[in-house]
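# what follows is a predicted structure for the sequence shown.
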Amino acid sequence: MSAAQPKPHASQAVWFEIPATDLERATKFYEALFDVSLRRETFGATELSIFPYERPAIGGALVKGADYRPGIGPIVYLTATPNLDAVLARVEAAGGSVVIGKTALPGEMGAYAHVRDTEGNTVGLHALS
């Protein structure tokens, strides 16, 4: 590892999202399935039911929004540390495309983006900066 490369994380995966068209129905299903309570939140026009987790564990949510379609599959978020802009700048040269550009999250949660890989998969990227 060269001096310019960041220290690797314990896991490249940092978050997952499972699309839902009927968020209440999906929430009840997963709450019954795992005998847990999911926390409801809204981020802009997107509704979430967040699975319980303790940091620094990988977290995730059921998600209802315009860019989320059940049947296509969950979206896995990979860390883009230390800088999301630098990773996004390499997407097209690597053969992919940016689907959702850098989007700030509330508070100190950082930012995310969605990219399409060379196989047509949508993958989320996340960084604190």
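Done, it's in. Residues are numbered from 1 along each chain as shown.

# bridging residues for the most centrally placed residue in the chain?
The residue lying closest to the centre of the chain (C-alpha atoms, centre = their mean) is residue 77, at 3.8 Å. Using DSSP bridges, the bridge partners assigned to residue 77 are residue 15, residue 124.

# was I right about it contacting residue 11?
No - using C-beta atoms under 8 Å, residue 77 makes no contact with residue 11, being 11.0 Å away. From N, CA and C alone the C-beta is placed, and that goes for glycine too.

# show me where the protein has helices.
Secondary structure of the chain (DSSP state H): helices at 23-34, 84-89.

# flag every buried residue along the shortest one.
So that's helix 84-89. By 16 or more other C-beta atoms under 10 Å, the buried positions in helix 84-89 come out as 84, 87-88.

# what separates stretch 66-86 from the chain centre, distance-wise?
Centroid separation between stretch 66-86 and its chain, computed with C-alpha atoms, centre = their mean, to the nearest Å, is 4 Å.

# now do the buried residues in it.
Under 16+ other C-beta under 10 Å, the buried positions of stretch 66-86 are 68, 75-81, 84.

# now do stretch 107-120
Across stretch 107-120, burial judged by 16+ other C-beta under 10 Å covers 110-115.

# in strands, which of those residues appear?
Counting by DSSP state E, these place 111-115 in strands.

# give me the domain ranges for the chain.
With domains defined by automatic domain parsing, the chain comprises 11-70, 80-129.

# need these in CSV (columns: mean pLDDT).
Formatted as CSV, these follow (pLDDT from 0 to 100):
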stretch, mean pLDDT
domain 11-70, 89
domain 80-129, 90
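
# fine, thanks again, bye for now.
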